[in-house]
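# Sequence and predicted model, in that order:
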Amino acid sequence: MDDTTADLVITELHRRQVPVVRLDPGDFPEAVTVQAGVKDTGLTGIIRTATREARLDRVRAVYWRRPRPYTAAPGVKGQDARWCVEEARYGLGGILASLPAHYVNHPWRNRSAEYKPAQLTAAVRCGFDVPPTLLTNDLDAAREFVREHGPAVYKPLRSTDYHDARGQALTVWVDEVDPHDLDEGIAQTVHLFQRRVRSVADLRITAVGEEVFTVRIDGSPGLDWRRHYDSLSYTLIDTPPALAKPIRAYLDAFGLIFAAFDLGLDHEGRTWWYEANPNGQFAWFPPAITQRLVSAVADQLHCAGEPS
């Protein structure tokens, strides 16, 4: 799977002469083989890809990025395929989550931190300012919220793959909503509505261990700056002192080493928390900023891999 962020970190680890095995669980069972045992010394065995192999008891660090879903072997269909996928998820997945290693981040920590309701409640508890938010499948409640807190925006709860009839990938962006735009489709699933922040700039704050990098993003012509990468300017700034404690508390709440926080900066200089991605990208920053983040992640993996 293409992943420019992971590519850059691996390149940096190679430059440091750190041995790396790149593995995608989505390649199992076609191109991945595992032999694992549990002895009085812990987990032992070998995992092999098409080009590499690693002894499980010697893995010291794991950079858990964005693995593809588990699949069944070609030709396995129906209930047999579902059974094989679940066995792989709990078998190989359990092995990969039980290595004697320093994880950035542990897959189960990532999973817990991906749920927006959990993010929102943790952000409030940790001291971030969070705009009024509603999660609902009730049409009347949604309309009332938008009328009361408008202008309001709609946000997807997850970046789920979606394709049109031609197979072209589509994206659901953050967008402003009007009460009259809402219809009975609201009842079909949970939707997230939030009071719009009248922002003058956005902040992307990336925490890597004890290091925190804050990038101010200016120049977005629209509400969702992710639609306008080429129109934006990026400036590495000092992290606002008032955010240091909430950031640390949030990482600790979910047991994260890495997280990318998105916040808005309003006209009064107040920062508003939007979300925190436990597996955020950063390779789209200008090279000078990206390289600092690459080095910070590589430091986490490299130092964990050094013998004590």
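Arrived safely.
# which other residues reach whichever strand or helix holds R111?
Following DSSP states H and E, one finds R111 within helix 107-113. Residues outside helix 107-113 that contact it (CB atoms under 8 Å, 6 or more residues apart in numbering) are 64, 93, 96-97, 103, 105, 118-119, 254-256, 259, 276, 278-279. (C-beta placed from N, C-alpha, C; glycine too.)
# neighbour-wise, which of the residues you listed leads?
A276 (27 neighbours; other CB atoms under 10 Å).
# Run a quick check on it versus F261, I expect a contact.
Yes - if you go by CB atoms under 8 Å, A276 and F261 touch, sitting 4.7 Å apart.
# shared neighbours of those two, which are they?
Common neighbours of A276 and F261 (CB under 8 Å, 6+ apart) are Y250.
# follow-up on the earlier one: buried ones in the helix holding R111?
107, 109-110, 112-113 (16 or more other CB atoms under 10 Å).
# Next secondary structure after it?
helix 116-126.
# Could you identify the helix or strand that succeeds that next one?
Next in sequence after helix 116-126, counting helices and strands by DSSP H and E, comes strand 133-136.
# For the next helix or strand after that following strand, name the packing helices and strands.
Remark: after strand 133-136, the chain's next helix or strand is helix 139-149, criterion DSSP H and E. Packing contacts for helix 139-149, counted by 3 or more CB pairs under 8 Å, 6 or more residues apart in numbering; DSSP states H and E, involve strand 133-136, strand 191-195.
# and the angle from the last one to helix 139-149?
Going by axes from the mean of the first three to the mean of the last three CA atoms, to 10 degrees, strand 191-195 is angled at 20 degrees with respect to helix 139-149.
# for strand 191-195, packing partners?
So strand 191-195, by 3+ CB pairs under 8 Å, 6+ apart, packs with strand 133-136, helix 139-149, strand 152-155.
# let's see it at 6 Å
With contacts defined as 3 or more CB pairs under 6 Å, 6 or more residues apart in numbering; DSSP states H and E, strand 191-195 has these neighbours: strand 133-136, strand 152-155.
# How about the first one?
Contacts defined by 3+ CB pairs under 6 Å, 6+ apart place strand 133-136 against strand 191-195.
# ok, 8 Å please
helix 116-126, helix 139-149, strand 191-195.
# close enough to count as contact, A244 and V212?
Yes - contact criterion CB under 8 Å: A244 and V212 qualify, at 7.2 Å.
# the strands in the stretch 201-308 of the chain, which residues?
Secondary structure of the stretch 201-308 of the chain (DSSP state E, counting those that start in this stretch): strands at 211-218, 233-237, 258-266, 271-277.
# Tell me which strands the third one pairs with, and in which orientation.
Take DSSP bridges as the rule and strand 258-266 pairs in its sheet with strand 199-208 (antiparallel), strand 271-277 (antiparallel).
# Distance to V21 and mean pLDDT added to those strands, as JSON lines?
Converted to JSON lines, the strands paired with strand 258-266 look like this (distance: least, CB to CB, whole Å; pLDDT from 0 to 100):
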{"stretch": "strand 199-208", "distance to V21": "22", "mean pLDDT": "96"}
{"stretch": "strand 271-277", "distance to V21": "25", "mean pLDDT": "97"}
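# out of these, nearest to Y162?
With CB to CB as the measure, strand 271-277 is the member of the strands paired with strand 258-266 nearest Y162 (18.7 Å).
# So what's the gap between the closest one and the chain middle?
On the basis of CA atoms, centre = their mean, to the nearest Å, strand 271-277 sits 13 Å off its chain's mean C-alpha point.
# again, but for stretch 17-36
21 Å.
# ok, and for it, which residues are buried?
Neighbour count says stretch 17-36 has 18, 20, 23, 25, 27-29, 32, 34, 36 buried, by 16+ other CB under 10 Å.
# can you check stretch 267-274 too?
Neighbour counts over stretch 267-274 (16+ other CB under 10 Å) mark 271-274 as buried.
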